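Undergrad: following is a predicted model, sequence given first.
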Amino acid sequence: MHDHDDHEHDHGADEEMALRVKALESLLVEKGYVDTAALNALIDTYETKVGPRNGAKVVAKAWAEPDFLAWLRRDATAAIASLGFTGRQGEHMVAVENTPETHNLVVCTLCSCYPWPVLGLPPAWYKSPPYRSRAVRDPRGVLAEFGVELPEGVAVRVWDSTAEIRYLVVPMRPPGTEGWPAERLERLVTRDSMIGAGLPLGAEALGA
Amino acid sequence: MIGGQDLGGMMGFGRIAAEANEPLFHAEWERRAFAITLAAGALSRWSIDQSRHAREARPPAEYLASNYYELWLKGLEKLLLENGLVTAEEIAAGRSLAAPKPVGRVLKAEHVAAALAKGSRADRPLAKPARFGAGDSVRTKALYTTGHTRLPRYAFGKLGRIEAVRGGFVLPDSAAAGQGEAPEWLYTVRFAGRELWGEAADENLAVSIDAWESYLEPA
């Protein structure tokens, strides 16, 4: 069904949106309600400064340092803030740990709530109807589409972010990484593994 | 409200289209729509709950057919109009036709980093003790409201257990209606998959929502 006509239509809709956004931005700037340099700074923040590498630092530190993991369990907002990751859409953080018994998956069925300071802005699939509709009802089917097959008997726990609490999944530390420093562990932590839609890379990914 | 946004458990949307090496924005206009929404939000004329309601309160067919940032833009236009900051004629013209409304502090580039790092906390102190404690059995209400709520319909009238007491938080149902923050105790409520999705559901599934006290009854 997604043939040439659909593509043409999408392109037209895109042009229309481009004009509509441009018109509103011009109006707001002219009114003095928004500042162009601030708009650029907002975009630059999420394009170049705030993203899932922040979350990877949190997870790697939790893997490497039992005291930090304990702090993360007790007060995730404060523990994460100690690494400099605070603020918008991460004001109230909770870390949920995967174990051999339970796999965690995070969704926002009602909109697109996502822990921005540690993961950045959400990918399109996280905001899309297929994910939002199925994550709560058929999480194993969702995981299978991401290439994740959980061992028999592992329970799935889904967290629907219906309030201002933001959840960060702490995946299980991959085997064969004993003694690795946090800086090296960090490279195994993928964005999807911190949503629960994926698993971290294995030690072999870094040639170990 | 049960609108196009209340997606949990709906069927027929098909596979999840994860994109390899996905760009943060898929068009320049998405970038700009994102930024003007955040910058206009910094005027503090409306709450995050009013923003959410402005995006979701439209015909479900339109919601589901819209690009994500298109919903943001339409929501922003609605909030600007409702707050008298712009007129429909000005939106159509793309230029100012009357003097701006005094808005106080406007977000400047040099304050962006600090404003984002500070964020906007939604927790509030409550004098009243929490009605429920961890481990308590509760049943959710069926909140058929045309206003905003954060109780998804798949969790209407379901039996669950309090897993955590999160503290006092602004009640979106009230804040979105412009009726004040009306903070209440917030709980993480856990449901068995079969309570939500029937006998055929995975027995090894549990789902939790975060629910305000007025969404819950003792069970």
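TA: Cool, got the structure. Being a predicted model, the structure only gives us computed values, none of them experimental.

Undergrad: any part of the lowest-mean-pLDDT helix or strand in chain A near chain B?
TA: One helix or strand of chain A scores below all others by mean pLDDT, DSSP states H and E: helix A:4-31, with a mean of 82. Yes - applying CB under 8 Å from any CB of the partner chain, one finds helix A:4-31 touching chain B at A:13-14, A:17-18, A:20-28, A:30-31. In this view, the C-beta of every residue, glycine as well, is placed from N, C-alpha and C.

Undergrad: could you give the mean pLDDT of the helix or strand following that helix?
TA: With elements assigned by DSSP states H and E, the helix or strand that comes after helix A:4-31 is helix A:36-44. In this model, helix A:36-44 has an average pLDDT of 98.

Undergrad: which positions in whatever helix or strand comes next after helix A:36-44 come out as buried?
TA: Downstream of helix A:36-44, the first helix or strand assigned by DSSP H and E is helix A:52-64. Using 16 or more other CB atoms under 10 Å in any protein chain shown as the test for burial, helix A:52-64 gives A:52, A:54, A:55, A:56, A:57, A:58, A:59, A:60, A:61, A:62, A:63, A:64.

Undergrad: got the domain ranges for chain A?
TA: A:4-48, A:51-206 (automatic domain parsing).

Undergrad: pick the most deeply packed of those domains.
TA: Highest mean neighbour count among the domains of chain A (mean count of other CB atoms under 10 Å in any protein chain shown): domain A:51-206, with a mean of 20.

Undergrad: now that domain: how far from the chain's centre is it?
TA: 7 Å (CA atoms, centre = their mean, to the nearest Å).

Undergrad: what is the end-to-end distance of that domain?
TA: Start-to-end span of domain A:51-206 (CA to CA, to the nearest Å) is 21 Å.

Undergrad: how close does residue B:36 sit to residue B:115?
TA: 15 Å (CB to CB, to the nearest Å).

Undergrad: between those two, which has more neighbouring residues?
TA: Using other CB atoms under 10 Å in any protein chain shown as the criterion, residue B:36 and residue B:115 rank with residue B:36 on top: 25 against 19.

Undergrad: show the backbone phi and psi for the closest residue to residue B:107 other than its chain neighbours.
TA: Nearest non-adjacent residue to residue B:107, counting by CB to CB, 6 or more residues apart in numbering or on different chains: residue B:42, 3.9 Å away. Phi and psi for residue B:42, reported as degrees, to the nearest 10, are phi -70, psi -10.

Undergrad: what about residue B:42, how many residues close to it?
TA: Neighbour tally, residue B:42, other CB under 10 Å: 23.

Undergrad: find the residue closest to the residue most central in space within chain B in space, skipping its chain neighbours.
TA: Centroid check for chain B by CA atoms, centre = their mean gives residue B:52 as the closest residue, at 4.4 Å. Closest residue to residue B:52 apart from its sequence neighbours, by CB to CB, 6+ apart: residue A:111 at 5.8 Å.

Undergrad: quick one: the one you found and residue B:5 touch, right?
TA: Yes - look at residue A:111 against residue B:5 with CB atoms under 8 Å: they come within range, at 6.1 Å.

Undergrad: got any residues that touch both of those two?
TA: B:55, B:56 (CB atoms under 8 Å, 6 or more residues apart in numbering or on different chains).

Undergrad: now the residue nearest to the spatial centre of chain A: how far from chain B?
TA: Geometric centre of chain A, nearest residue: residue A:119, 4.2 Å, by CA atoms, centre = their mean. Here residue A:119 is placed at a distance of 12 Å from chain B (CB to the nearest CB, to the nearest Å).

Undergrad: now do the phi/psi pair for that residue.
TA: Per-residue torsions, residue A:119: phi -120, psi -10 (degrees, to the nearest 10).

Undergrad: return the residues in contact with it.
TA: For residue A:119, the contact set (CB under 8 Å, 6+ apart) comprises A:51, A:52, A:54, A:55, A:168, A:191, A:194, A:195.

Undergrad: go again with 7 Å.
TA: Neighbour list for residue A:119: A:52, A:55, A:191, A:194 [criterion: CB atoms under 7 Å, 6 or more residues apart in numbering or on different chains].

Undergrad: so it versus residue A:173, what's the distance?
TA: In terms of CB to CB, residue A:119 sits 19 Å off from residue A:173.

Undergrad: again with residue B:219
TA: For residue B:219 relative to residue A:173 (CB to CB), the value is 38 Å.

Undergrad: next one: residue B:69
TA: With distances taken as CB to CB, residue B:69 is found 37 Å from residue A:173.

Undergrad: how about residue B:69, secondary structure?
TA: Under DSSP: H, G, I helix; E, B strand; the rest coil, residue B:69 falls in the helix class.

Undergrad: can you pull the contacts of it?
TA: Contacts of residue B:69 (CB under 7 Å, 6+ apart): B:30, B:33, B:34.

Undergrad: excluding chain neighbours, what is closest to the last one?
TA: What that stands for is residue B:34. residue B:69 (6.3 Å).

Undergrad: report pLDDT for the one you found.
TA: Residue B:69 is assigned a pLDDT of 97 by the prediction.

Undergrad: least confident of the domains of chain A, on average?
TA: domain A:4-48 (a mean of 88).

Undergrad: ok now it, how far from the chain's centre?
TA: Distance of domain A:4-48 from the chain centroid (CA atoms, centre = their mean) equals 24 Å.

Undergrad: repeat for stretch B:27-37
TA: Distance of stretch B:27-37 from its chain centroid, counting by CA atoms, centre = their mean, is 19 Å.
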